[in-house]
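# Predicted model follows, preceded by the sequence.
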Amino acid sequence: MLRRHARAACTALVAAGMALAGLQAGSAAAAPDARGPHRAAAVKTAARTLGADSARPELLDAMRRDLGLTRSQALTRLANEAEAGAAAARLRQDLGGAFAGAWVDGAEADTLTVATTRAADTAAIRATGARARLVTHGLTVLERAKETLDRSATTEAPVRYVDVRANVLVVEETRAGAGAQLVRATGVPRELVRVVRSGQAPRPLYDIRGGDAYYMGGGGRCSVGFPVTRGTTQGFATAGHCGRAGTTTSGFNQVAQGSFQGSVFPGNDMAWVAANANWASTPYVKGSGGANVQVTGSVLQPVGSSVCRSGSTTGWHCGTVQQHNTSVTYPEGTISGVTRTTVCAEPGDSGGSYISGNQAQGVTSGGSGNCSSGGTTFFQPLNPLLQTYGLTLKTTGTDPGPGPGEPEPGGTWAAGKVYVAGDVVTYGGASYRCLQGHQAQAGWQPPNVPALWQRL
């Protein structure tokens, strides 16, 4: 796990969300365009809702360095990813069990592909401006098979994920034959699985050396993920392997900071630290050169999207999202539900922020490789962490609105509550279904954000 340091005032992971197309009920879409649903003429677009045009220069500079994009290309990519995420989320609801995944391609993420197992769906997919791909296995079938493998996995088959582009469940093995042995032992149909050999085993990237980070009372260093609040308490989200409940922390300046209030590892890799009165949460992640990168929400981005990471050892690096809902078996045990990325990281970066545009994605868990030769890393998505501990992500708004669980007048929707795709709420006398997982905030009422909510 990649531990990182953090000033309580300037760390926040912005996990960019599955923001694919901002198509809204009743909006007239433009003619189908193979380059993606972001060409649709919606009254309110996902890109506008998520502020894709207001990315900080530090984020754009990192995307230039790590993804080879100009400033204009980076801005276009962020907008396209936002629009594509909303479109894919809406199609997933419409296709049901036939949905087999979605992803973006191209330097500017200008091509959205949606896979289905049902030939009759292809026309509806193309009508949104996305490309359609007819495949054999539904996403739900592959994910259930992965869950079966997860229950018996060992460090000899340490990584398992669904590759939506290939429509297959991938098992990485560190010993020849370990993957096939796992498949046979669990009874998962062999045609669902592809076994690949991996020369590196992922591990938690602990760092017991001193450095510019936050420090655990028992020794070691990690990185702040995202500043959060719980009621009037200030604090931050980080990785569970960094400490257990009761572990004390000191900040980047070695001043007493707070203590871990909750921690889960293995199983997941999530924790949060409550800070003392000397520390205040801010809506920032530490970017290149120490500049602040602002966080405005926690909408999860789709496969293929750009994502950047901030950590106390290696600083600011970018890459792309490879797979969601990945399972990894570390020496300490298996964690599930993490996201696999091409972003590099090293010991000391653990707990740090992943951000896509201005949307928080998650906190650094672990990986393999390094930032000299490249590597693979995994992050714990932020929304489940916020939900587990009843936390509110610190964003640009000064008024977070009602706390988690407090209903808005006229409905069950509530600012501060974490919603997952498929949740149904009422607001203003109408019902809405959640399209993309996110933490609700003031101004994001269902009628205002068609990229996140579909009126029923």
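Perfect, I can see it now. Numbering: from 1, shown residues only.

# S312 contacts G220, doesn't it?
No: contact between S312 and G220 fails when scored by Cβ atoms under 8 Å: they sit 11.9 Å apart. (Each C-beta comes from the backbone N, C-alpha and C, glycine too.)

# The two: which has the busier surroundings?
Applying other Cβ atoms under 10 Å to S312 and G220 shows that S312 carries more neighbours, namely 28 against 22.

# how close does S281 get to G258?
11 Å (Cβ to Cβ, to the nearest Å).

# Touching both of the two, which residues are there?
Both S281 and G258 are contacted by G235, A275, under the criterion Cβ atoms under 8 Å, 6 or more residues apart in numbering.

# Now the nearest residue to F265 once chain neighbours are set aside. Its backbone dihedrals?
Spatial nearest neighbour of F265, chain neighbours left out: G240 (3.4 Å); criterion: Cβ to Cβ, 6 or more residues apart in numbering. Main-chain dihedrals, G240, degrees, to the nearest 10: phi -70, psi -30.

# and what of A115?
Backbone dihedrals for A115, given as degrees, to the nearest 10, come out at phi -100, psi 150.

# Show me what it bridges to in the sheet.
Beta-bridge partners recorded for A115 (DSSP bridges): R133.

# thought it was touching N167?
Yes: with contact defined as Cβ under 8 Å, A115 reaches N167; the gap is 6.4 Å.

# If you count surrounding residues, which of those two has more?
A115 (26 against 20).

# now that one: how far from T136?
Distance from A115 to T136, by Cβ to Cβ: 10 Å.

# How about R244?
Per Cβ to Cβ, R244 is found 44 Å from T136.

# In terms of packing, which of those two has more residues around it?
The residue with more neighbours, out of R244 and T136, is R244; 15 against 12, by other Cβ under 10 Å.

# Leaving out the residues flanking it, which one is nearest to that one?
S263 (5.1 Å).

# In this structure the one you found contacts A271, no?
Yes: taking contacts as Cβ under 8 Å, S263 lies within contact range of A271: 3.9 Å.

# Let me see the contact set for G287.
Going by Cβ under 8 Å, 6+ apart, the list of residues near G287 reads R56, E58, L59, A62, V293, S310, W316.

# Which one (most neighbours) among those?
Neighbour tally across these (other Cβ under 10 Å): the maximum, 32 neighbours, falls on S310.

# wait, isn't that residue in contact with I355?
Yes: counting by Cβ under 8 Å, S310 sits close enough to I355 to count as a contact (7.3 Å).

# looking at the protein, which helix or strand is least sure?
strand 203-204 (a mean of 72; mean pLDDT, DSSP states H and E).

# Check the chain for its longest helix and report it.
helix 71-95 (DSSP state H).

# Next, the buried residues of stretch 150-166.
Across stretch 150-166, burial judged by 16 or more other Cβ atoms under 10 Å covers 150, 153, 155-165.

# what's the distance between S356 and R160?
From S356 over to R160 the distance is 24 Å, taken as Cβ to Cβ.

# same thing with T377?
As judged by Cβ to Cβ, T377 and R160 stand 16 Å apart.

# and the residue nearest to R244, backbone torsions?
Per-residue torsions, S263: phi -160, psi 140 (degrees, to the nearest 10).

# residue boundaries of the helices in the stretch 351-456 of the chain?
For the stretch 351-456 of the chain, applying DSSP state H, counting those that start in this stretch gives helices covering 382-389.

# so where's it uncertain?
Within the stretch 351-456 of the chain, the ranges that satisfy pLDDT under 70 run 396-410.

# sorry, back to before: what residues are shared contacts of S263 and A271?
Counting by Cβ under 8 Å, 6+ apart, the common neighbours of S263 and A271 are G240, C242, G243.

# Now rank the residues you listed by neighbours and give me the top one.
Of all those, C242 has the most neighbours under the rule other Cβ under 10 Å, reaching 32 neighbours.

# center of this structure, which residue is that?
Q361 (3.4 Å; Cα atoms, centre = their mean).

# Do I have it right that T70 meets R64?
Yes: assessed by Cβ under 8 Å, T70 is found in contact with R64 at 6.7 Å.

# so what's the closest residue to A88 other than its chain neighbours up against?
The spatial neighbour of A88 that comes closest, neighbours along the chain excluded (Cβ to Cβ, 6+ apart), is A102 at 3.7 Å. Residues near A102 by Cβ under 8 Å, 6+ apart: 20, 84, 88, 91-92, 112-115, 130, 164, 302-303.

# Need the per-residue pLDDT for A102.
A102 is assigned 98 on the pLDDT scale.

# Next: T49.
87.

# same thing with A239?
A239 carries a pLDDT value of 95.

# Leaving aside the residues adjacent along the chain, what's closest to it?
Nearest residue to A239, sequence neighbours excluded (Cβ to Cβ, 6+ apart): G351, at 4.0 Å.

# go on, G304?
Spatial nearest neighbour of G304, excluding adjacent residues (Cβ to Cβ, 6+ apart): V104 at 3.9 Å.

# Could you give the bridge partners of that neighbour?
Using DSSP bridges, the bridge partners assigned to V104 are L112.

# so who does it touch?
Neighbour list for V104: 20, 36, 80-81, 84, 110-113, 302-305 [criterion: Cβ under 8 Å, 6+ apart].

# Among those, give me the pair with the biggest separation.
The two members of the contacts of V104 with the most space between them (Cβ to Cβ) are D110 and V303, at 15.2 Å.
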